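Q: Need a 3D model of the sequence below.
(2 chains)
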Amino acid sequence: MDILLGVVDRPRHGYAILQEAEERAGGRPPFEIPTLYRALRRMRDAGLIQPAEAPVPEVDERRDYWKATPLGRRVLAAELERLEILVATGRSRTGQDPARGGT
Amino acid sequence: MTPDDGIPARMAGALARALLRLYPRGFREEVGLPLLGDIRHRTAELHRRRGAIVALLWLPRLALSLLVTALGSWRDELARAHVRETTHSESIMESLLQDVRFALRGLRRNPGFTGVALLTLALGIGANTAVFSVVNGVVLRPLPYPDGDELALLYQSSARRGEMFGRVSYEDLRDWQSRVHSLESIAGFAPVPRILIGEGDPLEVEMTYVTPGFFEVLGVRAELGRPLQSDDQRLALRNAVISRTLWRTSFGEDPNIVGRRLVLNGEPYTIVGVMPEHLTYPTPETDAWVPQSLVEPNMFSNGPPSRGDRYLQAIGRLAPGADAVRAQRELTAVSDELAAIYPDSNADWATATVVPLHESIVGDVDHALMIVLTVVGFILLIACANLANLLLARGSARQRELAVRAALGAGRGRVVRQLLTESLVLALLGGLLGLALSWWGVRSVLALSADTLPRVQNVHVDVPVVGFTLVLTIATGVIFGLVPALRLAHLDPQRHLRSGRGSSAREGKRLRSALVVAEVALAVLLLVGAGLMGRSFLSLRSVDPGFQPEGVLTATMQLNHTGVPDEGMATFLVQRREEILRNVRELPGVESAGMINVFPLHPGGFTVEYTPAEGEAAPGEGGVHADTRYVDPDYLPTMGIPLLRGEHLPTLWAAGEPIPVLLSESAARRLWPNRDPVGRMINVPWGESVVVGVVGDVRQVGLAQEAQPAVYFPQLMAPRLMATLVVRTTGDPASLAVPIRRLIEEIDPGQPIRTIQPLTDLMAESIARERFFTVLFAVFGGLALALSAVGVYGVLAYAVRQRTQEIGVRIALGAGAGDILGTVAGDGMKLVALGLLIGSAAAIGFSGVLSNQLYGVAPTDPLAFAFAIVFLGGAALAAAWIPARRAMRLPPQTALRE
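A: This is a model prediction of the structure:
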C-alpha cells in the first residue's frame, strides 16, 4: 500500500518511495531497502505498477522510475475504501465520531 | 571524505554485494545495481544526519533484511518458473490443436489424395492388426494356468528307435515322481474316445484317464464340487469330473450335477465335480476326467499289465529355481537307472525329453506366424513409401504456402511440427479404419485357418491388440511423414516466393525414386515368398499318398458296445463290423468296402518292434519299428493300395495256423533287405505270424512326412473299438453319406458317427495348415504387388505432370510418340529394374527363413523368382504405361501452355 501510494500521483524511483513512506510513518521507514525492491518486482509481475519515464525536472538516469497501472489504481482505491469503512466503524464504536459530538 | 564514501557506506556496500550473491540471478540482474546504490545512499544519509555510529548500527538490520529478502526472492522465482511452464505448455497445446484443425481442413479439401491415402493406410495397418491378433492369441498370450511357464510335457526317448516323444508306463511315472526333484509334481494322462449315452442323442466325447495330482499340477480348481483326489485313484472309485461344456450341453447346467450319473461306453461314473471353461487340457474337446486306476487290462496293451505298457503322457511342474534343461538331465538319469534295473521293458528308453507346455501346444506354428507378421510389416513399409511419395508430391504444390509461413516467421521446427501433425492425423484416421477392417480380417483369417491353428479361442481384437495398433499407427505416421516434413521445411523461402511456382522438379526426385526402388524391392521379396509357398503347396498336393483317394467315402466311429459283457466283447466287435460291411456293400453304387482301426493321415495307433522269427534272420537283416494296423481283407483293395507280392489277407485261417500279416514295402525292406519276405515268419507280441504279402507304402502320418513302415493284421484277431469304414463308389462319394448314416442308425440307433466325408476332403484337411499359410502369402503378395504398382504409377504420373512443358516442346520439335513413350516409361522401368535386382538379391538371402515351411522346393527355386519378377515387372510396366500414354497424346499447344 505504501508503494502504491508512493507512485499513484506521479512516477517515483525506489529510494524516493522509501523516503516518502518514511515521512508518512513519522521518521521510521516501514520497510527496508531489500524488502522494497522485492516488493517492486512482485508488484510489477502482478501488474500493479510498471516502469515509467522520469518526470523531466528530476531525471536521475541512474534510477528506474515506477508508476501505478490502472489496475494498481483500482486496487489502491479499493484498499482505501476498506480502510475508510474500518476507521468510520472504529470511531463510531469508540465514541470518537465528530458528528456525534464525541471527543 | 564524505559520508558517501565513508566507512559505513563502504561497509554497507561490501555487505550488500556479498549477500546479493544469495539472490536468484533474475533479481540480481534486474535490480541488483539500483539496490546497491540505494543501500550506499541510505547509509550515507544516516551517517550525515545521525552520525557514523548510528549508520554502523544500522548494518545488522540491513544484513537481516538482505537475508530474509533473499529467501523470499527464491520463493518468488519458483512461483515465476511455475507460471512460465504452465503458460508455455498451454501455448503448445493451442498450436497443436491449430495444426490438427488445419490438417483436417487440408484433408477435406483434397478428397482424392485423402481417399487414396486412407485406403492405403487402412489396408496396411488393418493387415498388421489382424495378423497380430492371431499371433497374440495363439503364441504370445500366456497359458490359462497359474505360472504356466513352469509346466512341461515329459517324454521317454529312445535313440535306438529314433523316437523322442515316447509315452511312459504307470510304473515309470511313479519312479519319476519319487526320484526327480527338479519337478515339484508330475502326473500322467491318457485320452480315449468314449460314447455318452443317456443324455440326449448318443454323443462321442473325449475322456481322459488321469493319475492323482493332475489338476494340482495344472493349478486348476473345480468350479463345482471337487477335482479327483488320491483316494479316487487308490480305491479305484468310479468317479469323474466333467467339463463346463459337457455340463452345459448335456446336463443343462443342472445345479445338482454333483452326484449325478455319467454313462460312458456303458460304464457308469459318478460326477464329483465340474471343471472351469479354461481347462482345455489335454485338448479343448476333453469332456471328462476319470482316475487312471480304472484303466482296464488290455486297454492299452496286448498282454498282462507290465512296465512296458507305455500309454501315458506325462506333465510336470518345475520346482522353484529349476528349468527344463535341469529337469531333462534328472529325468534322463532316472530313466537310465530304470533301463539298467528293468532291461526287458526299459532298455530302449534310457533318455528323456522335456518340452515346455506352451511350446508343445503352440507347436511350430509360431515360426510360420512370425514370418507372416514380418510379411505384413513389409507391406506396411511399402504403404509408407507410397504415402511418403504422395506427401512429397502434394508438398511440392504447397511450397509457396510453406515459403510464406517461413517468411512470416514460423521457425523450421514449427513447420516440421505442423507437417508431422498432418501426417499423424492422417495416420490416426487410417489406423481407425484399419482397426475396423481388421475385425473383419481376423474373422476371415480364422475361417481360413479351419482349425489348423491351436488356441484360436484366444484370438480377439482386444486391448493389447488395440494398443499395438495405436503404437503402429503413430510409428507409421512418423515414418511416412518425417522425411517429407524435413524436406519441405528446409526449402529456401526466398527462392520459392520469387519463382512463383514449384521448382522442385529436380529436388526430391532422387528421394522419390529411392522410395519407388525400395518398395519394388520389398514387393519382390514378398512375391518370391508367395511363389515359394505356392510351389511348395502344389508339390505337397501332388504327393502320392500311397492310395487312390478319388471316389472313396470314409466314416470314422467308435463302436458302441454299451451293455456288452467283457467276455463277449471280441465276438461282438467282429460281428458288428461284419454287419456294417455286409450292409454297406449292398448299397447301390458301392464297388467295395473295407475297415481299418486307425486311418492314415489321422493321429493314433501305436508302433511295435518287429523282428524276423528265430531262424529267419540272416546277417545284415534286422528288426523294424512299424505302425500296427488292423484291417479287414477288403480294406487295402478298396483304398487302392497296390499288392506288390504274395496275396491279400485271407478272410479266415485254420485254427492252429500262424496269423497272417501283410508288410508294407519299407517294412519288408528293413526286415529282409535281400530276400523275398513272403512265407517267412516274424515275431509279434503274441508269438509268430506269417507274412502272406507285401503292399505299397502309405503316408500314415501326413502328406509331408515320408511313409512309415507298417504291418497289417486281420482285424478278426484283435478287434478294436475304433473303426474307419472306407467305401469305394462308382459315383460321387458324398452322395453315399446319408444312406450310410441311415444304415448305421438302423443297425444301432445309439451309434454316433464321428466324421463322414470323402477321402479327398480328408486329404485336403491334412494339408489345411499348409494351404492356410500359402493363401495368406498369396493374398499379401498380391497386396504388395498392387501397392507397389500404385507407387510406380504415382511417381511416373507426377513426373509426367512436372515435365509437361518439356514434353510439349519435344513433340513440337518433332519427337515421335515412340520416343516420348520410351523416355517416360523408360525412366520408370529403370527404377523398377533396380528394385527387382535389389529385391531378388535380398530374397536369396531371406528365403532361407522359409526353408522349414517348404516341401519339395528349394528356397532359391528359380521358378518362384521368375514368377515374382515377371508379375511385378508386368504390373509396373502397366502402371508406367498409363501416364506414358497420356504424355504421348498431349497436344503440344496444351503442353506448352501448362
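Q: Show me the beta-bridge partners of residue B:694.
A: residue B:645, residue B:663 (DSSP bridges).
Q: can you pull the pLDDT of it?
A: Predicted confidence (pLDDT) for residue B:694: 96.
Q: For the residue in the stretch 751-898 of chain B that chain A sits nearest to, report the pLDDT, please.
A: Using C-beta to the nearest C-beta, the closest approach of the stretch 751-898 of chain B to chain A is made by residue B:798 at 55.4 Å. In short, each C-beta sits where N, CA and C put it, glycine included. For residue B:798, the pLDDT comes out at 78.
Q: can you give me the helices in chain A?
A: Counting by DSSP state H, chain A has helices at residues A:2-8, A:14-24, A:33-45, A:70-93.
Q: Those helices: which one's closest to residue B:813?
A: Nearest to residue B:813 among the helices of chain A is helix A:33-45 (73.1 Å), distances taken as C-beta to C-beta.
Q: Next, the buried residues of that closest one.
A: Going by neighbour count (16 or more other C-beta atoms under 10 Å in any protein chain shown), the buried part of helix A:33-45 is A:33, A:34, A:35, A:36, A:37, A:38, A:39, A:40, A:41, A:42, A:43, A:44.
Q: Give me the below-cutoff pLDDT ranges for chain A.
A: Scanning chain A for pLDDT under 70 picks out A:56-62, A:97-103.
Q: ignore the last one, the stretch 451-600 of chain B
A: For the stretch 451-600 of chain B, the stretches flagged by pLDDT under 70 are B:489-507.
Q: do that again at 50, thanks
A: Low-confidence segments of the stretch 451-600 of chain B, defined by pLDDT under 50: B:500-503.
Q: quick one: contacts for residue B:369?
A: With contacts defined as C-beta atoms under 8 Å, 6 or more residues apart in numbering or on different chains, residue B:369 is in contact with B:131, B:134, B:135, B:138, B:139.
Q: in what helix or strand does the first one lie?
A: Counting by DSSP states H and E, the element that carries residue B:131 is helix B:111-135.
Q: Output stretch B:678-685 in CSV with nothing but the alpha carbons.
A: Output of stretch B:678-685 as CSV, limited to C-alpha atoms (Å, rounded to 0.1, in the frame of the first residue of the first chain):
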residue,chain,number,x,y,z
VAL,B,678,6.5,-113.9,-48.5
GLY,B,679,6.1,-117.0,-46.4
ARG,B,680,8.6,-116.0,-43.7
MET,B,681,7.8,-115.7,-40.0
ILE,B,682,8.1,-112.6,-37.9
ASN,B,683,7.9,-112.1,-34.1
VAL,B,684,4.8,-110.4,-33.0
PRO,B,685,3.7,-109.6,-29.4
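Q: buried set for that stretch?
A: For stretch B:678-685, a neighbour-count test (16+ other C-beta under 10 Å) marks B:678, B:680, B:681, B:682, B:683, B:684 as buried.
Q: if I read this right, the fifth one contacts residue B:617, doesn't it?
A: Which is residue B:683. No - look at residue B:683 against residue B:617 with C-beta atoms under 8 Å: they stay out of range, at 9.9 Å.
Q: The helix or strand that contains residue B:467: which residues count as buried?
A: Using DSSP H and E, residue B:467 maps to helix B:463-489. Across helix B:463-489, burial judged by 16+ other C-beta under 10 Å covers B:465, B:468-469, B:472-473, B:476-481, B:483-485, B:487-489.
Q: so how far is chain B from residue A:54?
A: Plainly put, residue A:54 is 13 Å away from chain B if you go by C-beta to the nearest C-beta, to the nearest Å.
Q: How much space separates that residue from residue A:90?
A: 39 Å (C-beta to C-beta, to the nearest Å).
Q: got the buried residues for the helix or strand hosting the residue of the stretch 751-898 of chain B closest to chain A?
A: With secondary structure defined by DSSP H and E, residue B:798 is part of helix B:768-802. By neighbour count with 16+ other C-beta under 10 Å, helix B:768-802 contains the buried residues B:769-781, B:783-800, B:802.
Q: helices and strands around it, which ones?
A: Other elements packing on helix B:768-802 under the criterion 3 or more C-beta pairs under 8 Å, 6 or more residues apart in numbering or on different chains; DSSP states H and E are helix B:111-135, helix B:365-397, helix B:412-449, helix B:509-541, helix B:817-846, helix B:862-888.
Q: can you list those helices in JSON lines and add distance to residue A:10?
A: Converted to JSON lines, the helices and strands packed on helix B:768-802 look like this (distance: least, C-beta to C-beta, whole Å):
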{"stretch": "helix B:111-135", "distance to residue A:10": "64"}
{"stretch": "helix B:365-397", "distance to residue A:10": "59"}
{"stretch": "helix B:412-449", "distance to residue A:10": "44"}
{"stretch": "helix B:509-541", "distance to residue A:10": "66"}
{"stretch": "helix B:817-846", "distance to residue A:10": "78"}
{"stretch": "helix B:862-888", "distance to residue A:10": "78"}
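Q: for the helix holding residue B:131, packing partners?
A: Helices and strands touching helix B:111-135, by 3+ C-beta pairs under 8 Å, 6+ apart, are helix B:52-109, helix B:365-397, helix B:412-449, helix B:463-489, helix B:768-802.
Q: Save those as TSV, and put in distance to residue A:82 too.
A: Formatted as TSV, the helices and strands packed on helix B:111-135 follow (distance: least, C-beta to C-beta, whole Å):
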stretch	distance to residue A:82
helix B:52-109	25
helix B:365-397	63
helix B:412-449	48
helix B:463-489	56
helix B:768-802	73
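Q: Nearest approach to residue A:48 belongs to which of these?
A: Of all the helices and strands packed on helix B:111-135, helix B:52-109 comes closest under C-beta to C-beta, at 14.5 Å.
Q: For chain A, tell me whether the closest one is touching it.
A: Yes - residues of helix B:52-109 are located near chain A by C-beta under 8 Å from any C-beta of the partner chain, namely B:61, B:62, B:65, B:66, B:68, B:69, B:70, B:72, B:73, B:76, B:80.
Q: Now find how far off-centre that helix is within its chain.
A: Averaged C-alpha coordinates place helix B:52-109 at 55 Å from its chain's average position (C-alpha atoms, centre = their mean, to the nearest Å).
Q: One more: stretch A:72-81?
A: 10 Å.
Q: Over to stretch B:50-58?
A: Chain-centre distance of stretch B:50-58: 90 Å, with C-alpha atoms, centre = their mean.
Q: residues in contact with that stretch?
A: Here stretch B:50-58 makes contact (C-beta under 8 Å, 6+ apart) with B:3, B:6, B:7, B:8, B:9, B:11, B:12, B:43, B:44, B:46, B:47.
Q: can you check stretch B:537-553 too?
A: Residues outside stretch B:537-553 that contact it (C-beta under 8 Å, 6+ apart) are B:591, B:600-601, B:638-641, B:696-699, B:703-704, B:707, B:726-731, B:733-734, B:736-737, B:740, B:756-760, B:762-763, B:767, B:770-771, B:774, B:855-857.
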